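Trainee: for reference, the sequence and a predicted model appear below.
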Amino acid sequence: MSMVTQLHTTTANVLSLRPNSPFCTPFLSTNLSQRQSFFSSRSLLLTQKWRQHMFLTTRPLLKDGNLNINGKEALKDVPENIVVTPLTDTSAFVGATSSDNSSRHVFKLGVVKDVKLLCLFRFKIWWMIPRIGSSGSDIPLETQMLLLEAKEGPTFDASDHSTYIIFLPVLDGKFRSSLQGNSEDELEFCVESGDPAVVTSQSLKAIFVNYGNHPFDLVKDSMMILEKQLGTFALRETKQMPGMLDWFGWCTWDAFYTAVNPQGIKDGLMSFSQGGAPARFLLIDDGWQDTVNEFQKEGESFIEGSQFGGRLASIKENNKFRRIENEAKSKAPSDLKEFISDIKRTFDLKYVYVWHALHGYWGGLVPNTLGTKSYDPKLRYPQTPGYLAYLRDISMESMEKYGIGVIDPDKISQFYDDLHSYLASQNVDGVKVDVQNILETISAGLGGRVSLTRQFQQALERSIAANFKDNGIICCMGQSTDSIYHSKQSAISRASDDYYPEDPTTQAQHVAAVAFNSIFLGEVVVPDWDMFYSLHDSAEFHAVARAVGGCAVYVSDKPGQHDFKILQRLVLPDGSVLRAKYPGRPSRDCLFTDPVVDGKSLFKIWNLNKCTGVVGIFNCQGSWPSTKKAVQMAASTELSGQVSPADVEYFEEVSGKLWTGDCAVFSFKTGAVSRLPMEGSLNVALKVLECDVFTVSPIKVYNEAIEFAAIGLMNMYNSGGALESVESLGGKIHVKGRGAGCFGAYSNTKPKSCSINLKDEAFNFNGEHNLLTITIPATVNRWDIAICY
């Protein structure tokens with residue numbers, strides 16, 4: 001990977017809010033010449049409650065007669081049917097009334113022009129991606145988060161201070177909202193129940209609006225308010241984290257697809273162990289269940305899409321994982337329990353999960369069979385008014401064609417408990433539950449999408465809690481707000497479309513999509529980045545993204561097809577991973593740039609560890625699936641960007657009282673360590689699908705004269721993730737951590753001696769770069785390095 005490094009100093013982006021300073025841009029205006037209002041050419045209907053709050057404070061959300069959440073005149077010239085309900089000094093609900101009762105309304109809010117905006121929208125029924133824009137026409141259908149940036153000055157120069165405004169369409173009773181723009185640059189919101197029988201003439205709490213001067217604080221604060229207001233979901237940090245997050249895993253999907261089998265699983269686990277990257281978490285994906293498919297007859301040529309017509313015949317495993325009676329010569333295990341118990345013993349597996357769909361299988365349950373009739377499944381054909389908003393995919397088209405054997409909602413609790421209690425009895429530790437957003441397409445006649453999702457989600461989470469002690473669930477294909485705002489216990493959810501190893505156009509967009517989606521999803525769940533191949537042209541690109549993503553790390557290699565050089569930069573010898581502290585999100589200067597199709601921007605993802613920050617930087621240029629725009633770059637073409645310690649948000653969590661204000665910044669690719677002020681930066685140049693990862697460690701003063709910063713294990717992508725603590729005790733600097741390899745640290749002075757777990761060890765000191773290195777033996781798992789000066 002090519003990279004050019006140069007040290008220079010930049011000006012810090014100091015964000016502040018001056019209540020009386022005008023914003024240069026009217027976010028929602030009737031026309032550019034007047035620039036008078038936030039919403040277009042109509043008057044506002046304000047409740048008396050809102051009138052009473054209008055003069056409590058001068059803190060504006062928007063100025064000059066535009067949206068003003070808690071201050072003077074607010075929301076001028078918006079439609080007369082708009083209603084605003086204040087919540088806090090900075091936030092409010094926005095809703096609307098209609099003269100008609102309907103199951104679906106589209107309300108106009110006003111014109112959006114000449115702004116910086118970030119949308120997170122569903123491009124497929126299952127998945128979100130971001131879109132960057134500057135006007136209402138850039139806001140796609142099914143937008144589930146809209147973030148705007150305002151500047152307090154005449155230009156959008158870096159010296160202008162920023163205020164951020166967030167719009168979150170939420171659930172209001174039995175109705176779900178989404179945002180959208182139109183060709184006239186008007187912002188609209190759509191409210192729908194998904195059931196023609198569930199109608200309303202008003203939705204007064206359809207959109208939550210809030211503002212602040214720190215984008216990540218704003219999202220967090222907004223979700224905290226909504227958690228209390230809605231009472232239907234819980235924040236990520238309040239949930240029990242499944243233990244598999246901290247161990248390297250293997251998913252069988254891209255290794256075998258539905259041909260997964262016991263011997264293949266054993267072969268794969270063996271090859272990981274022999275290569276020094278042992279899997280401790282196994283996910284047995286689609287292919288283990290007892291299913292039938294009337295649309296694909298044995299011996300006939302394969303019909304593309306027919307696999308999604310398969311239906312579940314019973315809750316037990318198929319005959320690949322269970323020996324049929326009178327089959328003494330079969331190589332199949334006697335049952336699933338025997339197989340799982342065997343591989344746990346043999347390969348020291350800590351967690352085994354299995355896959356199933358929300359309705360059991362893609363096509364639901366087979367109606368009227370011995371193994372399913374107690375759940376009373378009925379055949380339904382998916383449909384939804386908003387369906388044309390999505391990019392169609394073969395799974396949705398096939399389910400629409402073949403139908404779904406939908407479990408009676410009154411029997412769904414029984415189904416989940418029967419399935420999960422059986423799996424628990426087979427030594428299974430958890431499940432990946434797929435196809436979750438399908439409920440919105442079959443909710444007609446069942447009370448609507450919001451009510452049906454609530455019923456299924458509550459039943460699912462009750463069953464998980466009752467049967468899997470470790471909160472063992474990974475949610476998938478559930479990026480609709482119906483599911484997100486009903487996530488009370490589930491702690492992990494997929495944050496992107498699938499990893500497609502055979503499609504080169506999806507590699508870069510995958511990384512960008514997950515990081516952007518994590519801005520929103522990461523407040524509710526640990527975003528799951530999906531699997532990847534370690535032996536692949538884009539393997540390191542994906543590996544570095546997982547290293548900074550704060551997520552589970554698992555691959556889907558075929559047995560014997562691995563790149564252990566890459567894996568051993570992610571996985572410690574004991575099978576654990578160095579997981580970063582938070583969901584990995586874009587750096588602040590990347591929030592309103594499109595790193596996939598703008599042809600000029602590199603993309604940065606920041607995170608924190610216990611003692612350090614970390615920044616991954618990527619060249620993601622390529623294409624998005626929902627637009628025709630694409631960037632064609634020659635393989636040798638490089639893009640340039642900068643990495644700075646200031647890219648790491650909340651750095652005060654690791655800097656502490658002894659901080660000098662400078663940082664040691666370690667580049668994994670070059671091995672170089674640079675000393676930078678917080679606002680300093682390094683130049684980086686990368687080709688398409690190239691990346692680097694930088695550890696950012698605060699340089700602190702110990703014993704009055706020693707300036708020291710632990711970097712961590714320099715042989716690992718997330719070097720600082722190996723550190724547990726750094727402190728001065730008895731005149732020595734003690735660094736505690738885990739894992740084997742090359743420990744590195746910045747030191748302004750050469751030490752007199754170093755020891756590991758009280759045993760003196762040799763060390764190297766490069767005085768020119770102030771780099772101290774010590775080799776930690778492979779036999780050492782946890783260590784206390786004592787450095788004496």
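Mentor: That came through fine. Numbering: from 1, shown residues only.
Trainee: please report how far Asp195 lies from Gly445.
Mentor: Between Asp195 and Gly445 the distance, using Cβ to Cβ, to the nearest Å, works out to 7 Å. For every residue, glycine as well, the C-beta is placed using N, CA and C.
Trainee: okay, those two: which has more neighbours?
Mentor: Asp195 (19 against 12; other Cβ atoms under 10 Å).
Trainee: correct me if wrong: that one contacts Glu440.
Mentor: No. Between Asp195 and Glu440 there is no contact under Cβ atoms under 8 Å: 10.3 Å.
Trainee: can you list residues touching both of the two?
Mentor: Counting by Cβ atoms under 8 Å, 6 or more residues apart in numbering, the shared contacts of Asp195 and Glu440 are Arg449.
Trainee: report the contact partners of the closest residue to Ala357 other than its chain neighbours.
Mentor: Distances taken as Cβ to Cβ, 6 or more residues apart in numbering put Val435 closest to Ala357, at 4.2 Å, once the chain neighbours are dropped. With contact set as Cβ under 8 Å, 6+ apart, Val435 has these partners: Trp126, Ala357, Leu358, His359, Trp362, Ser395, Cys476, Met477.
Trainee: need the residues you listed in TSV (columns: pLDDT, neighbour count and distance to Gly599).
Mentor: Below are those laid out as TSV (pLDDT from 0 to 100; neighbours: other Cβ atoms under 10 Å; distance: Cβ to Cβ, whole Å):
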residue	pLDDT	neighbour count	distance to Gly599
Trp126	95	24	29
Ala357	98	23	40
Leu358	98	26	40
His359	98	28	43
Trp362	97	23	39
Ser395	91	19	32
Cys476	98	23	33
Met477	97	23	32
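Trainee: which of these fall within strands?
Mentor: Ala357 (DSSP state E).
Trainee: any chance of the contacts of Val435 in JSON lines, with distance to Gln426 too?
Mentor: Shown next, in JSON lines, are the contacts of Val435 (distance: Cβ to Cβ, whole Å):
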{"residue": "Trp126", "distance to Gln426": "28"}
{"residue": "Ala357", "distance to Gln426": "19"}
{"residue": "Leu358", "distance to Gln426": "20"}
{"residue": "His359", "distance to Gln426": "21"}
{"residue": "Trp362", "distance to Gln426": "22"}
{"residue": "Ser395", "distance to Gln426": "27"}
{"residue": "Cys476", "distance to Gln426": "21"}
{"residue": "Met477", "distance to Gln426": "24"}
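Trainee: burial of the residue nearest to Leu109 when sequence neighbours are not counted, as a residue count?
Mentor: Residue nearest to Leu109 in three dimensions, not counting chain neighbours: Leu187, with 4.5 Å by Cβ to Cβ, 6+ apart. Each residue near Leu187 was counted by other Cβ under 10 Å, and the total is 27.
Trainee: what is the longest helix along the chain packed up against?
Mentor: Secondary structure of the chain per DSSP state H: the longest helix is helix 449-467. Here helix 449-467 touches strand 175-181, helix 412-425, strand 430-434, strand 473-475, helix 481-484, going by 3 or more Cβ pairs under 8 Å, 6 or more residues apart in numbering; DSSP states H and E.
Trainee: what residues sit buried inside that helix?
Mentor: Going by neighbour count (16 or more other Cβ atoms under 10 Å), the buried part of helix 449-467 is 449-465, 467.
Trainee: can you check stretch 255-268 too?
Mentor: For stretch 255-268, by 16+ other Cβ under 10 Å, it's Ala255, Phe256, Val260, Asn261, Pro262, Gly264, Ile265, Lys266, Gly268.
Trainee: of all the helices and strands packed on helix 449-467, which lies closest to Ala552?
Mentor: Between Ala552 and these, the tightest spacing by Cβ to Cβ is seen for strand 473-475, at 7.9 Å.
Trainee: what lies in contact with that closest one?
Mentor: 242, 283, 353, 430-433, 436, 460-461, 464, 483, 487, 490-494, 525, 528, 552.
Trainee: off-centre distance for it?
Mentor: Averaged C-alpha coordinates place strand 473-475 at 13 Å from its chain's average position (Cα atoms, centre = their mean, to the nearest Å).
Trainee: for stretch 295-305, same thing?
Mentor: Here the centre of stretch 295-305 is set off from its chain's centre by 36 Å, with Cα atoms, centre = their mean.
Trainee: then stretch 214-222?
Mentor: Per Cα atoms, centre = their mean, the centroid offset for stretch 214-222 relative to its chain is 16 Å.
Trainee: check stretch 400-416 too.
Mentor: 28 Å.
Trainee: what's the mean pLDDT across it?
Mentor: Across stretch 400-416, the average pLDDT comes to 97.
Trainee: list the buried residues for that stretch?
Mentor: Those would be 400, 402-407, 409, 412-416, for stretch 400-416 by 16+ other Cβ under 10 Å.
Trainee: and for it, what are the contacting residues?
Mentor: By Cβ under 8 Å, 6+ apart, the residues outside stretch 400-416 that reach it are 295, 305-306, 308-309, 311-312, 315, 359-360, 362-367, 372, 374-383, 438, 441-442, 446-447, 452, 455-456, 459-460, 462-463.
Trainee: and with 6 Å instead?
Mentor: By Cβ atoms under 6 Å, 6 or more residues apart in numbering, the surrounding residues in contact with stretch 400-416 are 295, 309, 311, 359, 363-365, 367, 375-382, 442, 455-456, 459-460, 463.
Trainee: again with stretch 442-458
Mentor: Applying Cβ under 6 Å, 6+ apart, the set of residues contacting stretch 442-458 from outside is 171, 174, 176, 193-195, 198, 380, 382, 406, 409, 412, 439-440, 482, 486.
Trainee: quick one: the helices in the stretch 451-600 of the chain?
Mentor: 481-484, 506-521, 539-549, 564-567 (DSSP state H, counting those that start in this stretch).
Trainee: quick one: closest of those helices to Leu602.
Mentor: helix 506-521 (11.0 Å).
Trainee: just want the angle from that closest one to helix 539-549.
Mentor: Counting by axes from the mean of the first three to the mean of the last three Cα atoms, to 10 degrees, helix 506-521 lies at 10 degrees to helix 539-549.
Trainee: by contact count, what packs against helix 506-521?
Mentor: strand 128-133, strand 585-586 (3 or more Cβ pairs under 6 Å, 6 or more residues apart in numbering; DSSP states H and E).
Trainee: how far off centre is that helix?
Mentor: 7 Å.
Trainee: between that helix and strand 128-133, how many degrees?
Mentor: If you take the same axes, to 10 degrees, helix 506-521 sits at 90 degrees to strand 128-133.
Trainee: residue ranges with poor pLDDT in the stretch 51-200 of the chain?
Mentor: Within the stretch 51-200 of the chain, the segments meeting pLDDT under 70 span 51-77, 151-160.
Trainee: recalculate using a threshold of 90.
Mentor: 51-92, 109-115, 136, 149-165, 185-186 (pLDDT under 90).
Trainee: and what of the stretch 601-750 of the chain?
Mentor: Those would be 626-636, 730-731, if you go by pLDDT under 90 across the stretch 601-750 of the chain.
Trainee: strands along that one, start to end?
Mentor: With DSSP state E, counting those that start in this stretch as the criterion, the stretch 601-750 of the chain has strands at 603-608, 613-618, 638-643, 659-667, 673-677, 680-687, 691-702, 706-713, 723-729, 732-738, 741-747.
Trainee: with mean neighbour count and distance to Leu535 added, can I get the ones you listed in CSV?
Mentor: Putting these into CSV (neighbours: other Cβ atoms under 10 Å; distance: least, Cβ to Cβ, whole Å) gives the following:
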stretch, mean neighbour count, distance to Leu535
strand 603-608, 27, 23
strand 613-618, 28, 20
strand 638-643, 20, 25
strand 659-667, 21, 25
strand 673-677, 20, 31
strand 680-687, 21, 20
strand 691-702, 25, 17
strand 706-713, 25, 23
strand 723-729, 17, 30
strand 732-738, 20, 27
strand 741-747, 24, 22
